[in-house]
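Visitor: just to be clear, the model below is a prediction. Sequence and coordinates:
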Amino acid sequence: SGGCSLAPTMDGSFNVADRNEVWLVLASQMIEGYKELADIDMLEPDPPNRPAAMRKVRLSPFWMQSENKEMDGLKTKGCFKKWKRQDLAPNDSVFGSRFHY
């Protein structure tokens, strides 16, 4: 499509930043080429955790964009508020969170 190959390299990743940018733009805008992107994604399993997701050079920008969108939405709805530990009372509970990919 348009003379731009979306195929990954033999090791399964895009090694050139420009190709990552093309992938991210197509994926985020769902324009021509999205079918090829879906085929590429179906060939590999979802990562089990964030470090594994960030190691996928080709997909990490997509995961990060999704994480930011999710967190922004939760903050907008008042689900989360950022606090400094020094401002917490001794009996306040702090819990962690993680993304499932």
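Guide: Sure thing, it's come through.
Visitor: helices of the protein, start to end?
Guide: 17-29, 34-42, 50-55, 60-76 (DSSP state H).
Visitor: and the ones you listed, which one is worst for confidence?
Guide: When these are compared on average pLDDT, helix 34-42 comes out lowest at a mean of 59.
Visitor: only C-alpha atoms, please: export stretch 93-101 in PDB.
Guide: The C-alpha trace of stretch 93-101 is given here as PDB (Å, rounded to 0.1, in the frame of the first residue of the first chain):
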ATOM      1  CA  SER A  93      -3.300   3.000  52.100                       C
ATOM      2  CA  VAL A  94      -1.400   3.100  48.900                       C
ATOM      3  CA  PHE A  95      -1.900   0.500  46.200                       C
ATOM      4  CA  GLY A  96      -0.200  -0.200  43.000                       C
ATOM      5  CA  SER A  97      -1.600  -0.900  39.600                       C
ATOM      6  CA  ARG A  98      -0.600  -2.700  36.500                       C
ATOM      7  CA  PHE A  99      -1.800  -3.000  32.900                       C
ATOM      8  CA  HIS A 100      -2.900  -6.200  31.300                       C
ATOM      9  CA  TYR A 101      -2.000  -6.400  27.700                       C
END
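Visitor: report the buried residues of it.
Guide: Buried residues in stretch 93-101, counting neighbours by 16 or more other C-beta atoms under 10 Å, are found at residue 101. Bear in mind the C-beta positions are built from the backbone N, C-alpha and C, glycine included.
Visitor: which residues sit against that stretch?
Guide: Stretch 93-101 has contacts (C-beta atoms under 8 Å, 6 or more residues apart in numbering) with 46-50, 53, 63, 67, 70, 85, 88.
Visitor: can you tell me which of those residues is closest to residue 77?
Guide: Residue 77 has its nearest neighbour among the contacts of stretch 93-101 in residue 70, at 11.0 Å by C-beta to C-beta.
Visitor: since we're on the closest one, how many residues are nearby?
Guide: Residues contacting residue 70 under the criterion other C-beta atoms under 10 Å number 11.
Visitor: same deal with residue 58?
Guide: Neighbours around residue 58, by other C-beta under 10 Å: 19.
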